[in-house]
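# Model the structure of this input:
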Amino acid sequence: MLTALYVPADRPERFAKAAGAGADLVIVDLEDAVPVAAKASARVDAAEWLDGQQTAVEVRVNSLDSPWGHDDLRALAELGAGLRIRLPKVESADDVRRVLDLLPGARITALLESPLAVERAFEIACSGVAAIGLGESDLAGLLGVDGPEGLAWSRGRLVSASRAAGLGAPMMSVYPHVNDSDGLRDSCLAGRALGFSGRAAIHPAQLPVIVQAFTPTQEELAKAMELLDAVAQAGTADGGVLVLPDGRMVDPAMLNRARELVALAPR
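Numbering: from 1, shown residues only. Have a look, this model is predicted:
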């Protein structure tokens, strides 16, 4: 999964458009995108649209410590199993368990939005969630940093915790400047270099830029396939070192990345 697209839950006229925009996942947002006065009606609109929906949809609920979080979860519980929940402001494994107690079997993406949450990233990643992500706006404010440099350590920590917990590569947080395609591309490439795979978007126009940035180039794909073919022919997948014609020294530890690149080829 390379792309996810947010849509405000208080704008039901946008739901179908978001579902048809080509993102791998639609995120219906009950939290930051919805003003307080519209929380209740947005919850109803989201639940009605989700009922029987075939598109891959995740719902960002309000935090459990807010006045609306438990009402969000109770409304979603009526829709049955298989729900995808984006849970904001997670700071511990207990926060995740509280949701799983209410929604057994839910696929939870836990958003880490505070320095404490980042310090506990591995604990949260091992709590039964499907994925973890950063809430970078809140995190940057609490860290007192401006720009991506101040978030680099937290981003790397998230990638490491996600991989260590067996969740695979996480997705990046949104890029807030809708009209800055060049900045979005550069930010995606920097995130890819840190180990992220894909990104959430706040506008459909951002989706092609994200896909292009996270899809391997023809050169990268060719090198990955050459590596896998050479290892298969030499029979060194389980051990031993192989030197390719271009001088690259290959050992089994390098195969996982090559396989991941090839898996992205259909995009």
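# tell me, how many neighbours does N256 end up with?
Neighbour count of N256, defined by other CB atoms under 10 Å: 9. C-beta: built from backbone N, CA, C; applies to glycine.
# Confirm that it sits in a helix.
Yes: counting by DSSP: H, G, I helix; E, B strand; the rest coil, N256 is found in a helix.
# start at 226 instead
Sure, I'll start numbering at 226, so the last one becomes N481.
# and the gap between it and A447?
From N481 across to A447, the span is 18 Å (CB to CB, to the nearest Å).
# same question, E316
For E316 relative to A447 (CB to CB), the value is 44 Å.
# out of these two, which sits in the busier spot?
When E316 and A447 are compared for neighbours, E316 comes out ahead with 20 against 11, by other CB under 10 Å.
# ok, for the residue nearest in space to the middle of the chain, nearest residue in space, not its chain neighbours?
What sits nearest the mean C-alpha location of the chain, by CA atoms, centre = their mean, is M396, with 3.1 Å. Spatial nearest neighbour of M396, excluding adjacent residues (CB to CB, 6 or more residues apart in numbering): G423 at 4.4 Å.
# From M226, how far out is that neighbour?
Following CB to CB, the distance that separates G423 from M226 is 6 Å.
# tell me, what's touching the two both at once?
Shared contacts of G423 and M226, defined by CB atoms under 8 Å, 6 or more residues apart in numbering, comprise D249, M396.
# Which one of these two is surrounded by more residues?
Each of G423 and M226 has its neighbours counted (other CB under 10 Å); G423 has more, 26 against 13.
# which ones are touching the more buried one?
M226, L227, T228, A229, D249, A394, M396, M397, I435, F439.
# before we move on, what about A457?
Counting by CB under 8 Å, 6+ apart, A457 touches no other residue.
# helix or strand for it, which one?
Per DSSP states H and E: A457 is located in helix 443-459.
# Show me the shaky parts of the stretch 376-492 of the chain.
459-466, 476-478, 491-492 (pLDDT under 70).
# re earlier: next helix or strand past the helix holding A457?
Next helix or strand after helix 443-459 toward the C-terminus (DSSP H and E): strand 467-468.
# Can you show me the strands along the stretch 276-425 of the chain?
Per DSSP state E, counting those that start in this stretch, the stretch 276-425 of the chain carries strands over the ranges 282-285, 309-312, 332-337, 356-359, 424-426.
# contacts for stretch 449-456?
With contact meaning CB under 8 Å, 6+ apart, stretch 449-456 is reached by 441, 462, 467, 469, 473, 475, 477, 479-480, 482-484, 486-487.
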